[in-house]
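In: 3D, please:
(one chain, ligands or ions: 2)
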Amino acid sequence: MKNKYIKSLGINVHPVVFFSSILIVLSIVVSTLLNLSQAAQIFETIQSFIINKVSWFYILTVNIILGLDSFNSLADVNGDNIINVLDVIQMVNIVLGNIIASEWQSCASDSNGDGNIDILDVIQAVQFILNS
Ligand SMILES: [Ca+2]
Ligand SMILES: [Ca+2]
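Out: Ligands and ions are numbered 1, 2, ... in the order given. Below you'll find the predicted structure:
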């Protein structure tokens with residue numbers, strides 16, 4: 001059986017999944033960087049909605065995130081105690097259904113604590129990486 005995984009730099013990746021995930025993540029990051037004012041407006045709109053409509057949930061979520069972050073597991077999907085692009089790639093693969101997340105990975109991937117793993121979690125993880 002042909003091994004379709006690439007082993008380099010100590011990571012084991014599927015080439016199609018890996019490079020398509022990188023392309024998706026880079027396109028999100030680049031489009032955000034190229035449209036900073038529009039991205040800021042979108043994030044401000046989302047934040048305003050959250051604060052005005054579901055502030056109790058926002059406060060609860062922030063406390064949960066801070067609590068989880070103190071254990072350094074939030075968004076650390078691969079469990080190496082570092083939050084970087086490898087975690088984002090795994091999150092994208094979980095969102096796309098390319099990999100089935102363990103219960104621990106599901107908890108780590110739910111960056112915003114809303115109980116769903118989706119693109120908002122990926123965006124939050126990318127923002128965390130860019131801000132750190
Ligand atoms: Ca990690
Ligand atoms: Ca989520």
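In: how about the residues of this structure that lie near ligand 2?
Out: With C-beta under 5 Å from the ion as the criterion, the chain meets ligand 2 at residues 110, 112, 114, 116, 121. For glycine as for every other residue, the C-beta is placed from the backbone atoms N, C-alpha and C.
In: buried among those? Need that as a selection in ChimeraX.
Out: In ChimeraX, a selection of the buried entries from the residues of the chain next to ligand 2 looks like this (16 or more other C-beta atoms under 10 Å):
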select :110,112,121
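In: which one of the residues of the chain next to ligand 2 is nearest to residue 90?
Out: Using C-beta to C-beta, residue 121 comes nearest to residue 90 of the residues of the chain next to ligand 2, at 11.3 Å.
In: run the chain-centre distance for the helix ranked longest in the chain.
Out: Ranked by residue count under DSSP state H, the longest helix found in the chain is helix 15-34. Here helix 15-34 is found 12 Å from its chain centre; the criterion is C-alpha atoms, centre = their mean, to the nearest Å.
In: so what's residue 87 closest to, chain neighbours aside?
Out: Of all residues not flanking residue 87 in the chain, residue 77 sits nearest, at 4.4 Å (C-beta to C-beta, 6 or more residues apart in numbering).
In: so for that neighbour, what's the pLDDT?
Out: If you check residue 77, the pLDDT there is 91.
In: surely it and residue 107 touch.
Out: No. With contact defined as C-beta atoms under 8 Å, residue 77 does not reach residue 107; the gap is 9.6 Å.
In: get me the contact residues on this protein for ligand 1.
Out: Counting by C-beta under 5 Å from the ion, the residues of the chain near ligand 1 are 76, 78, 80, 82, 87.
In: quick check: phi and psi on the third one?
Out: If I follow you right, that is residue 80. The phi/psi pair for residue 80 (degrees, to the nearest 10) reads phi -100, psi 10.
In: contacts only, for it.
Out: residue 86 (C-beta atoms under 8 Å, 6 or more residues apart in numbering).
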